[in-house]
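Student: following is a predicted model, sequence given first.
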Amino acid sequence: MRGACWSAAAVLVIAGVGLAGCRQRGAPAPPAAAAVLSAPELIPLAPEQVQEVLAQRRGKVVLVNVWATWCLPCKEEFPDLMRVHRELGPQGLDLVLISADFEAQKDAARRFLSEQGVDFVTYRKNGTDEAFIDAVDPGWSGALPAALVLRRDGSKATFWDGLASYEELDRAVRPLL
């Protein structure tokens, strides 16, 4: 099944690229194909890789957000995450996005990221839910969205699950910068 899903996605992407070359000059690309082609990759992230990815960011304050396209609070929170990232990134904030979408939802997740202006490396949860939850934060219930804030030395500053406003996100990370 996995190969079949990948093959279908490849055909769609290739067809989108082929169609783009055939359209009239100045005509817009088909929205779905254009969004998938310009979206950031979703790098599979296994539970045993979570701490390694976070350790690579030592020296920065890190805001980790676990989200999914099927999670309405996640989608509602996303513009505020991006605003905090844009405003505080130059001061040393690093935003790590991890999609909890399934493999079959990868294109929808990439489209959503593109629509939100995400132009940096992002990840997709790979592996069992329980192992992934424990790798992010052993106290996490598994509810989405979920956020983990790490200090510059890599230690945990705070963790919460559920929707957060811009003000709450800002209050969690600004004092650590």
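Tutor: It's in.
Student: the residue sitting nearest the centre point of the chain - nearest residue in space that isn't next to it in sequence?
Tutor: Closest to where the C-alpha atoms of the chain average out (Cα atoms, centre = their mean) is residue 97, at 3.1 Å. The shortest distance from residue 97 to any non-neighbouring residue, by Cβ to Cβ, 6 or more residues apart in numbering, is to residue 122 (4.5 Å). Yep, even glycine has a C-beta here, placed from its N, CA and C like the rest.
Student: look up the residues forming beta bridges with the one you found.
Tutor: As for beta bridges, residue 122 partners with residue 42 under DSSP bridges.
Student: correct me, but it touches residue 106?
Tutor: No - look at residue 122 against residue 106 with Cβ atoms under 8 Å: they stay out of range, at 11.0 Å.
Student: which neighbours do these two share?
Tutor: Counting by Cβ atoms under 8 Å, 6 or more residues apart in numbering, the common neighbours of residue 122 and residue 106 are residue 42.
Student: which stretches of this protein form strands?
Tutor: Listed in chain order, the strands of the chain (DSSP state E) span 42-45, 61-67, 93-99, 122-125, 146-150, 156-161.
Student: circling back to that earlier point, and the residue nearest to the centre of the chain, what does it touch?
Tutor: Residues in contact with residue 97, defined by Cβ under 8 Å, 6+ apart, are 65, 67, 81, 113, 118, 122-123.
Student: quickly list what it is bridged to.
Tutor: Assigned bridge partners for residue 97, using DSSP bridges, are residue 65.
Student: now, the most widely separated pair of the contacts of residue 97?
Tutor: Greatest spacing in the contacts of residue 97, by Cβ to Cβ: 81 and 123 (14.4 Å).
Student: what does stretch 124-143 contact?
Tutor: Where contact means Cβ under 8 Å, 6+ apart, the residues beyond stretch 124-143 that reach it are 42-48, 50-51, 64, 66, 98-101, 103, 106, 109, 146, 148, 156, 159, 161-162.
Student: buried only: go through those residues for me.
Tutor: Burial by neighbour count, judged by 16 or more other Cβ atoms under 10 Å, picks out 42, 45, 47, 50, 64, 66, 98-101, 106, 109, 146, 148, 159, 161 from the contacts of stretch 124-143.
Student: noted, bye for now.
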